[in-house]
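Undergrad: coordinates for the following, if possible.
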Amino acid sequence: MTIEQALRTYDFEKSVLVGYYGGGNYGDELLLEILANKLQARGIKHVTIAYQNPRTYTTFHHDFGYPRIAMYNRRQLLRTVLKNKTIVVGGGGLWGLDVNPNILLLSMLLFCSRWLLRKRVYMLGVGYYNSTSRIGNLSAWLAGKSATHIIARDSETYQNFRAVTKHVSQDTDLAWLIPALDLQPYEQDSARLMALLPVNRKTIFITLRRFRPNQKNTYLEAVEGYLASNQETDIILALMEPQDVDAEGYRLIRSWQKAYKNIRITDFSCNPLALYLFFREHQNKLAFIGPQFHMIITAYLNHVPYLPVAYDNKVLSLFQQIGQKRVIPIRTLSTSDLQAFAGKFMEGRR
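TA: Okay, the predicted model is just below:
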């Protein structure tokens with residue numbers, strides 16, 4: 001079963017959407033915006049969104065008429081689950097390298113909702129990877145045992161959940177549904193972004209990512225080396241989170257902006273589909289360097305050349321899906337890799 005088939009088959013009225021929504025991360029906010037679009041298009045009226053910080057919702061999302069609750073207000077969340085019939089986990093590589101205790105709490109919520117409260121639990125386009133930790137495996141087991149149906153976004157996820165439950169099928173990530181959406185309502189959002197970041201000639205779009213100490217790699221050093229050697233190239237440096245979420249990262253890109261006058265910087269503080277349209281509008285002028293899973297999909301769908309760098313199994317699975325055979329492990333990434341990729345783009349070779 002595919003995600004589209006599930007949306008046509010199952011009853012999603014009186015659902016609660018849960019995920020890693022509300023932290024301001026581009027990928028998670030993109031997944032929520034896509035899923036809300038799809039549910040509204042199906043005529044689903046009664047949906048509640050569990051969101052980490054409801055006050056910031058309108059920064060990243062359109063209003064679909066769905067109420068929001070604070071994800072970590074446990075009483076409010078429990079009352080909302082009790083009132084509704086269904087829990088929907090709307091995408092994300094929740095059970096992977098980036099798993100944290102909050103994912104364990106989410107998985108426990110799913111387990112209790114299914115077996116104590118007798119709710120339906122659907123997981124659409126989710127990821128579960130061998131790179132996860134013991135907490136991740138425990139969380140995934142709880143989630144798998146909770147699910148009425150799981151739609152895995154790749155083969156590794158399918159195999160891992162298949163060892164837990166028979167109620168699993170394989171499709172893709174929710175982001176692959178973007179081309180079928182009506183994106184006209186996002187044109188004003190995109191126009192504001194393009195006014196803030198005008199692109200008049202070939203530009204290298206580089207994103208930074210927060211990594212944990214156990215994910216040590218050479219990514220920042222490689223980027224810094226590239227910036228120092230290319231002070232005549234138009235470069236946009238971007239955080240894919242708001243600056244108040246990654247204050248250290250923002251200080252870093254600010255320092256690089258002061259050191260190199262050819263650099264413009266931005267954080268992520270707009271609707272994610274506005275950024276998607278930004279890439280579509282400038283597809284012939286942009287090349288992308290960054291490790292983020294959903295930024296790679298954004299570049300790929302818009303025919304923007306990207307550097308194939310992987311930091312986790314979920315990115316490796318993505319590259320396998322799109323037929324990307326040459327992949328650079330992030331631990332071995334060097335400035336020369338960035339230079340070679342960007343040099344070909346600036347010379348006109350894709």
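Undergrad: tell me which stretches of the stretch 251-350 of the chain form strands.
TA: Secondary structure of the stretch 251-350 of the chain (DSSP state E, counting those that start in this stretch): strands located at 263-266, 286-289, 309-310, 328-329.
Undergrad: what's the burial count for the closest residue to residue 141 other than its chain neighbours?
TA: Counting by Cβ to Cβ, 6 or more residues apart in numbering, the nearest residue to residue 141 once its immediate chain neighbours are dropped is residue 164, at 5.6 Å. To be clear about C-beta, it is placed using only N, CA and C from the backbone, and glycine gets the same treatment. Residues lying near residue 164 (other Cβ atoms under 10 Å) number 19.
Undergrad: am I right that residue 164 is in contact with residue 139?
TA: No. Taking contacts as Cβ atoms under 8 Å, residue 164 lies outside contact range of residue 139: 11.2 Å.
Undergrad: any regions of the stretch 251-350 of the chain where pLDDT drops low?
TA: In the predicted model of the stretch 251-350 of the chain, residues 349-350 satisfy pLDDT under 70.
Undergrad: and the helices in it?
TA: 272-281, 293-301, 313-322, 335-346 (DSSP state H, counting those that start in this stretch).
Undergrad: which one of these lies nearest to residue 160?
TA: Closest of those to residue 160 is helix 313-322, at 10.1 Å (criterion: Cβ to Cβ).
Undergrad: specify the angle between the closest one and helix 293-301 in degrees.
TA: Helix 313-322 runs at 20 degrees relative to helix 293-301, counting by axes from the mean of the first three to the mean of the last three Cα atoms, to 10 degrees.
Undergrad: which residues sit against helix 313-322?
TA: Residues from elsewhere that reach helix 313-322, judged by Cβ atoms under 8 Å, 6 or more residues apart in numbering: 93, 96-97, 127, 129-131, 153-157, 172-173, 291, 293, 296-297, 300, 308-310, 324-325, 327.
Undergrad: reformat the helices of the stretch 251-350 of the chain as TSV; add distance to residue 25 and mean neighbour count.
TA: Formatted as TSV, those follow (distance: least, Cβ to Cβ, whole Å; neighbours: other Cβ atoms under 10 Å):
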stretch	distance to residue 25	mean neighbour count
helix 272-281	10	23
helix 293-301	9	23
helix 313-322	14	19
helix 335-346	23	17
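Undergrad: would you turn those helices into a markdown table with distance to residue 46?
TA: Shown next, in a markdown table, are these (distance: least, Cβ to Cβ, whole Å):
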| stretch | distance to residue 46 |
| --- | --- |
| helix 272-281 | 24 |
| helix 293-301 | 28 |
| helix 313-322 | 32 |
| helix 335-346 | 47 |
